[in-house]
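Colleague: sequence plus the predicted model coming up.
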Amino acid sequence: MSARQVTRAKASTVWCSAGVPSRRVATWPARGNATSLHGRGNVLVPGRHGGVLVAKAKAASAEGSKAGLTSPLRTGPPRLALPSKGRMAEDTLSLLKSCQLAVRKPNPRQYVAEVPNLPGLEVWFQRASDIVRRLNYGDVDIGFIGYDMFHEFADGNDDLVIVHDALRYGGCHLALGVPTKGDFASVHSMEDLKGMGWSKENPLKVVTGYHNTAKAFFAENGMADSVTFLAADGALEAAPYMGCADIILDLVSTGTTLRENNLREIIGGRVIESEGIMVASKRALKERPGLLEIVKQILERLEAHLTAEEYFYVTTNIRADSEAEIAKAMLDNGVGGLQGPTVSRVFSSGLRSQSLFAASVCVRKKNLHDVIKTLRQMGGTGVLVSELTYIFDEEPWRWTELLKKLEE
Ligand SMILES: Nc1ncnc2c1ncn2[C@@H]1O[C@H](COP(=O)(O)OP(=O)(O)OP(=O)(O)O)[C@@H](O)[C@H]1O
Ligand SMILES: O=P(O)(O)OC[C@H]1O[C@H](OP(=O)(O)OP(=O)(O)O)[C@H](O)[C@@H]1O
Ligand SMILES: [Mg+2]
């Protein structure tokens, strides 16, 4: 058995085998949704192959959504929430560090911290799903989360605005995972899945931590009344072969966990694309003293760093009669950089009929080799390639967009 095979469910999920009597087994879900057992937040549903899943139901709504809008604005300093653990935690901290916004945490078990370069800002570490809750409740003003969490828990909260939608980490997608064997062996698309004849009386059982997203997706696919959603917090890939669910809806990045558990994606079964995003409360941005300026600083640094990551700075020496001749040749060959090449005289010794110039230009990383080829064809020698740390634009377009959204 390989490392990615799911061998255990998380502590908050209890898997019961078929037929285990339980007095809490009261209701078969009458509708397409997971049914909560009163006061416990548990769901319990017979699986396709007779298994029974009892799981702690996740809050499946934009919980607390707009709560922050109806209550008075929290007093005190601006607050930023960051993921406290897991893959997003480390990547968020390393992104901030690359932007000269290193977080200082007095000790690893403490959940409050600070960013010395952003005085006055409180940093709170929270679980990814709780960051959205804290934003919804107005307990924090800004947060870094995966788009998947925003889509699931904040959809419908008009107060939240995505300040940056592409932080280039935490890349994954939410997709259906369907067994490669048994009844589903020939299911390769949503059409095949629908064609299996699911109905209100015989619903497709989907286990997921993304109930709102799942509900909307199946409704769009005309399956609103022929699907039942089951809840679980982790190791979802185990459910179909345990007999607790027919298929899963979960995050995929490399696809290894699906594969190792004999599941596959199907055509039309990709629900959303996700990556790290920065979210803020519009109301706090408008009303909390100092917050807008802090967000501008964070955004400027993020943009400067993320833009710089896409480029190399390339310098080459070229002989020509004038700067203008080189600039024209470069522009004619599509090597224009951000605003056009910089060409300057090199004061070298030696007598030559033509002068030596240094031409510098920012080049998209993916175009580097084509540009080097072009520069060589133009007579370029000694091509130097450097990494860039920041590219500060006049004013990031995302900042202008944010200001517009605040006026809406
Ligand atoms: N396999 C993955 N690849 C890339 N990003 C992922 C993956 N799984 C989750 N993510 C991103 O990380 C975020 C946090 O995931 P999750 O809540 O599962 O935490 P975790 O880091 O896995 O820790 P844990 O599940 O133990 O709480 C998700 O909302 C998603 O944006
Ligand atoms: O496509 P892959 O690269 O295999 O990644 C997908 C897996 O990653 C996440 O699980 P995670 O590792 O967060 O474990 P969890 O279920 O305990 O949250 C997700 O829930 C999948 O199970
Ligand atoms: Mg996880």
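Modeller: Perfect, I can see it now. Every value quoted in this text rests on a predicted model; they were computed, and no experiment measured them. Ligands and ions are numbered 1, 2, ... in the order given.

Colleague: who in the stretch 151-300 of the chain is up against ligand 1?
Modeller: 170, 172, 234, 251, 253, 274 (Cβ under 6 Å from any ligand atom). The C-beta positions use only the backbone N, C-alpha and C, and glycine is treated the same way.

Colleague: let me see the contact set for the closest residue to ligand 1 within the stretch 101-250 of the chain.
Modeller: With Cβ to the nearest ligand atom as the measure, the residue in the stretch 101-250 of the chain that lies nearest ligand 1 is Gly146; the distance is 1.9 Å. Applying Cβ atoms under 8 Å, 6 or more residues apart in numbering, we find Gly146 in contact with 88, 128, 170, 172, 274-277.

Colleague: what's across from it in the sheet?
Modeller: Gly146 forms beta bridges with Gly276, as assigned by DSSP bridges.

Colleague: pLDDT at it, what is it?
Modeller: Confidence at Gly146, expressed as pLDDT, is 97.

Colleague: which segments of this protein make up each domain?
Modeller: When the chain is parsed with automatic domain parsing, its domains come out as 13-60+172-274, 67-171+275-308, 310-387.

Colleague: let's have those domains in a markdown table, adding distance to ligand 2.
Modeller: Compiled in a markdown table, the domains of the chain are given as follows (distance: least, Cβ to the nearest ligand atom, whole Å):
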| stretch | distance to ligand 2 |
| --- | --- |
| domain 13-60+172-274 | 3 |
| domain 67-171+275-308 | 6 |
| domain 310-387 | 24 |
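
Colleague: can you say which of those is nearest to Thr400?
Modeller: domain 67-171+275-308 (10.5 Å; Cβ to Cβ).

Colleague: just to revisit the earlier point, considering the residues of the stretch 151-300 of the chain next to ligand 1, which possesses the most neighbours?
Modeller: Of all these, the highest neighbour tally under other Cβ atoms under 10 Å goes to Gly170, namely 25 neighbours.

Colleague: residue contacts, that residue?
Modeller: Taking Cβ under 8 Å, 6+ apart as the definition, contacts of Gly170 comprise 87-88, 91, 146, 274-276.

Colleague: one more time with 6 Å, if that's ok
Modeller: For Gly170, the contacting residues are 88, 146, 275-276, by Cβ atoms under 6 Å, 6 or more residues apart in numbering.

Colleague: widest-spaced pair of the residues you listed?
Modeller: Set against one another by Cβ to Cβ, those have their most distant pair in Met88 and Glu275, with a gap of 10.3 Å.

Colleague: immediately after the longest helix seen in the chain, which helix or strand?
Modeller: Secondary structure of the chain per DSSP state H: the longest helix is helix 291-309. Beyond helix 291-309 on the C-terminal side, the first helix or strand identified by DSSP states H and E is strand 311-320.

Colleague: what about the helices in the stretch 1-150 of the chain?
Modeller: Counting by DSSP state H, counting those that start in this stretch, the stretch 1-150 of the chain forms helices over residues 67-70, 87-98, 128-137, 147-153, given from the N-terminal end onward.

Colleague: same question, the stretch 201-350 of the chain
Modeller: Under DSSP H, counting those that start in this stretch, the stretch 201-350 of the chain gives helices at 211-220, 239-242, 256-260, 282-287, 291-309, 323-332.

Colleague: now for the longest one, which elements pack on it?
Modeller: Under the contact criterion of 3 or more Cβ pairs under 6 Å, 6 or more residues apart in numbering; DSSP states H and E, the helices and strands touching helix 291-309 comprise helix 282-287.

Colleague: kindly report the same for the fourth one.
Modeller: Helices and strands in packing contact with helix 282-287 are listed as helix 291-309; criterion 3+ Cβ pairs under 6 Å, 6+ apart.

Colleague: in the helix it packs on, what's buried?
Modeller: The neighbour-count criterion (16 or more other Cβ atoms under 10 Å) identifies 291-292, 294-308 as the buried residues of helix 291-309.

Colleague: nearest to Lys205, of the helices of the stretch 201-350 of the chain?
Modeller: With Cβ to Cβ as the measure, helix 239-242 is the member of those nearest Lys205 (8.6 Å).

Colleague: can you give me the end-to-end span of stretch 231-245?
Modeller: Stretch 231-245 has an end-to-end distance of 10 Å (criterion: Cα to Cα, to the nearest Å).

Colleague: have a look at Met88 and Glu275 and say which one is more surrounded.
Modeller: Neighbours per residue (other Cβ under 10 Å) separate Met88 from Glu275, with Met88 holding more: 21 against 16.

Colleague: what's the spacing between the nearest residue to the more buried one once chain neighbours are set aside and Ala128?
Modeller: Closest residue in space to Met88, ignoring its immediate chain neighbours: Gly170 at 5.3 Å, by Cβ to Cβ, 6 or more residues apart in numbering. Spatial separation of Gly170 from Ala128 under the definition Cβ to Cβ, to the nearest Å is 9 Å.

Colleague: my read is that Gly171 contacts Glu275, right?
Modeller: Yes. If you go by Cβ atoms under 6 Å, Gly171 and Glu275 touch, sitting 4.7 Å apart.
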